[in-house]
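**Student:** My questions are about this predicted structure, shown below with the sequence.
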Amino acid sequence: MTRREFCTGLLFLRAAKMGRIPSLKNFNAFPHAEDHLLKKTYSGAIVTILGLIIMVTLFAHELTFYLTTYTVHQMSVDLKRGETLPIHINVSFPSLPCEVLSVDAIDMSGKHEVDLHTNIWKLRLDKYGHIIGTEYLSDLVEKEHGTHDHDHGKEHHVEEKKPEHTFNEDADKMVKSVKLAMENGEGCRVYGALDVQRVAGNFHISVHGLNIFAANQIFEGSSHVNVSHVIHTLSFGPEYPGVHNPLDDNSRILHEESGTFKYYIKVVPTEYRYLSKKVLPTNQFSVTEYFVPMRPTDRSWPAVYFLYDLSPITVTIKEERRNFLHFITRLCAVLGGTFAMTGMLDRWMYRIIESVSSSKPRSGMR
């Protein structure tokens with residue numbers, strides 16, 4: 001900086017101090033009043049306290065809104081191949097003992113093999129729903145699609161074997177044990193996890209594992225099989241925040257008639273992405289329910305079917321956090337608006353009180 005420029009700046013500041021630029025003060029948006037011109041009132045104090053309470057409340061609300069995450073949904077074509085579909089079940093049958101219940105899983109792949117990755121447990125229940133025993137179910141089998149029609153949901157027939165004139169001792173004991181359990185009102189809860197092929201199929205819980213003659217000895221006909229059930233939980237993968245499984249806590253109780261329940265399920269592959277970049281692969285689903293009552297001419301036996309099919313669309317749910325500048329903008333708007341409104345309210349109250357107090361002396365003089 002040259003000496004000439006320095007001297008010019010000093011002259012400009014001296015002129016501003018001496019009031020030679022009076023128009024600059026007109027740009028002051030925050031004029032200050034003298035202390036002796038300020039008047040404090042009780043109404044102003046009340047409005048100030050009320051404004052502070054509103055500001056603190058709105059600030060806490062905006063802060064909470066900023067700290068909470070929100071989700072963004074995106075859809076794309078499902079490209080997964082060669083993976084398994086996990087199914088978690090927890091279903092109670094209050095009118096059927098565990099000895100007669102079996103679980104079958106069927107898919108469209110045509111495979112016929114024992115599912116070694118399946119863990120299914122059966123819990124014996126008394127008539128009050130309390131657990132009185134546990135049994136591991138190891139007879140769950142993925143059977144060939146040709147035996148069971150998935151699209152039309154044809155029911156199983158109880159396994160028919162060549163007739164034998166007499167039961168052996170084990171079968172006779174089993175029949176007597178089941179009848180005694182039914183007389184005592186014993187039920188069964190089936191829970192666990194299935195890992196099935198990632199293709200359309202179904203799994204069902206029924207009395208299809210019984211020999212036809214043993215089933216007739218126990219139930220005296222298929223119309224007496226009561227498949228009333230309570231679905232505590234049913235999911236196709238781990239749960240994520242905000243998930244809703246439509247069949248949870250769903251109960252279907254039969255009082256007089258018997259029949260087959262069918263749940264047609266559309267499984268939607270889903271990925272949940274957390275803020276930490278962790279990805280949780282899972283599935284959500286929708287369901288349609290259908291009940292087929294038993295007829296005297298039916299040869300099939302009642303069951304509960306869960307027929308599922310996979311959607312070709314994958315839903316990706318991403319957690320997002322709100323922008324900090326957006327939070328500051330909302331905060332300024334809320335606090336500034338509250339400050340302006342309380343200022344207007346204070347002025348209105350002051351004028352009303354002044355007008356009322358000034359009218360009293362005049363009325364007294366009259």
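**Tutor:** That came through, no problem. Residues are numbered from 1 along each chain as shown.

**Student:** OK, contacts around the residue nearest to E83 when sequence neighbours are not counted?
**Tutor:** Residue nearest to E83 in three dimensions, not counting chain neighbours: R198, with 5.1 Å by CB to CB, 6 or more residues apart in numbering. In short, each C-beta sits where N, CA and C put it, glycine included. Contacts for R198 (CB atoms under 8 Å, 6 or more residues apart in numbering) come out as K80, R81, G82, E83, T84, L85, L310.

**Student:** Buried subset of those as a PyMOL selection?
**Tutor:** The buried residues among those can be selected in PyMOL (16 or more other CB atoms under 10 Å) with this line:
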select buried, resi 85+310
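
**Student:** Would you check which pair of the contacts of R198 lies furthest apart?
**Tutor:** The distance between the two most remote of the contacts of R198 (CB to CB) is 13.5 Å, for G82 and L310.

**Student:** Buried residues, stretch 84-99. List them.
**Tutor:** 85-99.

**Student:** How about stretch 233-249?
**Tutor:** Across stretch 233-249, burial judged by 16+ other CB under 10 Å covers L234, S235, F236, G237, Y240, V243, N245, L247.

**Student:** hang on, the earlier thing: name the nearest of the contacts of R198 relative to Y274.
**Tutor:** Nearest to Y274 among the contacts of R198, counting by CB to CB, is K80 at 19.9 Å.

**Student:** pLDDT wise, what is that closest one at?
**Tutor:** For K80, the model assigns a pLDDT of 81.

**Student:** Tell me the secondary structure at it.
**Tutor:** Put simply, K80 is coil when judged by DSSP: H, G, I helix; E, B strand; the rest coil.

**Student:** so it sits right up against P269, yeah?
**Tutor:** Yes. Counting by CB atoms under 8 Å, K80 does reach P269; the two are 6.6 Å apart.

**Student:** Would you map the helices across the stretch 1-150 of the chain?
**Tutor:** All helices of the stretch 1-150 of the chain, identified by DSSP state H, counting those that start in this stretch, fall at 3-17, 42-67.

**Student:** And the ones you listed, which one averages the lowest pLDDT?
**Tutor:** Among the helices of the stretch 1-150 of the chain, helix 3-17 scores lowest, at a mean of 59.

**Student:** Worst mean pLDDT across the helices and strands of the chain, which element?
**Tutor:** When the helices and strands of the chain are scored by mean pLDDT, DSSP states H and E, strand 113-114 comes last with a mean of 37.

**Student:** Can you give me the buried ones in the helix or strand A215 falls within?
**Tutor:** If you go by DSSP states H and E, A215 is part of helix 212-219. The neighbour-count check on helix 212-219 (16+ other CB under 10 Å) flags F213, A214, A215, Q217, I218, F219 as buried.

**Student:** how about it as CSV, C-alpha atoms only?
**Tutor:** C-alpha atoms of helix 212-219 as CSV (Å, rounded to 0.1, in the frame of the first residue of the first chain):
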residue,chain,number,x,y,z
ILE,A,212,-54.5,-94.1,6.4
PHE,A,213,-55.7,-96.8,8.7
ALA,A,214,-54.2,-95.2,11.8
ALA,A,215,-55.7,-91.9,10.8
ASN,A,216,-59.2,-93.4,10.5
GLN,A,217,-58.8,-95.2,13.8
ILE,A,218,-57.8,-91.8,15.5
PHE,A,219,-60.2,-89.3,13.8
